[in-house]
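Q: Please work out how this folds:
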Amino acid sequence: MNIVPQDLSTILRSLGRAFVCRADGWTPELGVALELEHLGDTEGDVTIAHNAEVAGLTLPELTGPAFHEADFTGENPVVEMPLYLTSPALRATVSPSGLASGGLSARVPPIEHTLVIFPEGLILERDAEHKPHRYPLDYTAGNWTLNGVALTAAQLALLDMSVWFWRGFFNRPSRVFKGGPGDERKEIDTVSFQVEHHADMPEGHHLWTLGDPADAGIDIEGGS
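A: Numbers count the residues shown, from 1 in each chain. A predicted model of the protein is given here:
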């Protein structure tokens, strides 16, 4: 056995704040590029609960509850995001009906979205006057750029920590008129995003992809 120590100086130790983007439900089969937009202003932790399930084969009368064999049956991811929700347009976006108001005459499928979570550090830099600025992130002809400049090694490391949920829908958040003072009255509500299976994605990526989709053979510029 040969144990080789890692180069600990190269390990990314903090992801920082999330920068959450969305698009209308997208698939490579559409033949169009994935066009993302910033979802909104968050405050607090953006949490991904993968909800993985494993079924175990046990022999309880012989060896008790210990697994002798196991089957990974899959996962059911849910993303939770604390968003400022004072905009009626944003409330319509994060509603399964696509409407800020409620009340339909028939059952309908929920409006589907593609959701992407980037580390904010990927797009946040100081400008020429040393002021913090969020720069536009672009992907063209297989190349990532920030404000027209190729990503640095540190930025590529953050890109590798991005998470792409290819298909899912929002659940309408609660509505609270907050009467407390100061920070207690901020209109921040937790929005959940239910991830769904996307049959058109490669094996191992039907639910979500970690890092650059191109590494998984997914062409977000419209290829299949």
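Q: Give me the longest strand you can find in this protein.
A: For the chain, the longest strand by residue count, based on DSSP state E, is strand 64-75.
Q: what sits up against the helix or strand following that one?
A: Per DSSP states H and E, the first helix or strand lying C-terminal to strand 64-75 is strand 78-84. With C-beta atoms under 8 Å, 6 or more residues apart in numbering as the test, strand 78-84 has contacts from 18, 20, 39-49, 51, 90, 94, 115, 117, 165, 168, 173, 186-195. In short, each C-beta sits where N, CA and C put it, glycine included.
Q: and the spatially closest residue to residue 15 that is not a sequence neighbour, what is it in contact with?
A: Leaving aside its chain neighbours, residue 15 sits nearest to residue 119 (4.7 Å; criterion: C-beta to C-beta, 6 or more residues apart in numbering). Residue 119 is in contact with 15, 16, 17, 18, 19, 158, 161, 162, counting by C-beta under 8 Å, 6+ apart.
Q: What residues are bridge-paired with residue 119?
A: Residue 119 has these beta-bridge partners by DSSP bridges: residue 18.
Q: For residue 155, see how far away it is.
A: Taking C-beta to C-beta, to the nearest Å as the measure, residue 119 and residue 155 are separated by 9 Å.
Q: circling back to that earlier point, by contact count, what packs against the longest strand of the chain?
A: strand 52-59 (3 or more C-beta pairs under 8 Å, 6 or more residues apart in numbering; DSSP states H and E).
Q: Report the mean per-residue pLDDT for the strand it packs on.
A: Across strand 52-59, pLDDT averages out at 97.
Q: With stretch 169-179 instead?
A: Throughout stretch 169-179, pLDDT has a mean value of 91.
Q: how many neighbours does the spatially closest residue to residue 52 that is not a sequence neighbour have?
A: Once flanking residues are discounted, residue 52 sits nearest to residue 75: 4.2 Å by C-beta to C-beta, 6+ apart. Other residues near residue 75 number 15, with proximity taken as other C-beta atoms under 10 Å.
Q: I'd like to know how far residue 75 sits from residue 202.
A: Counting by C-beta to C-beta, the gap from residue 75 to residue 202 is 17 Å.
Q: swap in residue 31?
A: 17 Å.
Q: And those two? Which one has more around it.
A: More crowded of residue 31 and residue 202, by other C-beta under 10 Å: residue 202, with 13 against 9.
Q: what pLDDT does the more buried one get?
A: At residue 202, pLDDT is 96.
Q: Report the contact partners of the nearest residue to residue 207 once chain neighbours are set aside.
A: Nearest non-adjacent residue to residue 207, counting by C-beta to C-beta, 6+ apart: residue 195, 5.6 Å away. Contacts for residue 195 (C-beta under 8 Å, 6+ apart) come out as 76, 77, 78, 79, 115, 165, 167, 168, 207, 208.
Q: Would you mind naming the residues that bridge with the fourth one?
A: When you say that, I think you mean residue 79. Taking DSSP bridges, one obtains residue 48, residue 193 as the residues bridged to residue 79.
Q: Could you pull up the contacting residues of residue 163?
A: 48, 116, 117, 208, 209, 210.
Q: and of those residues, the nearest to residue 131?
A: Residue 131 lies nearest to residue 117 out of these, by C-beta to C-beta, at 25.2 Å.
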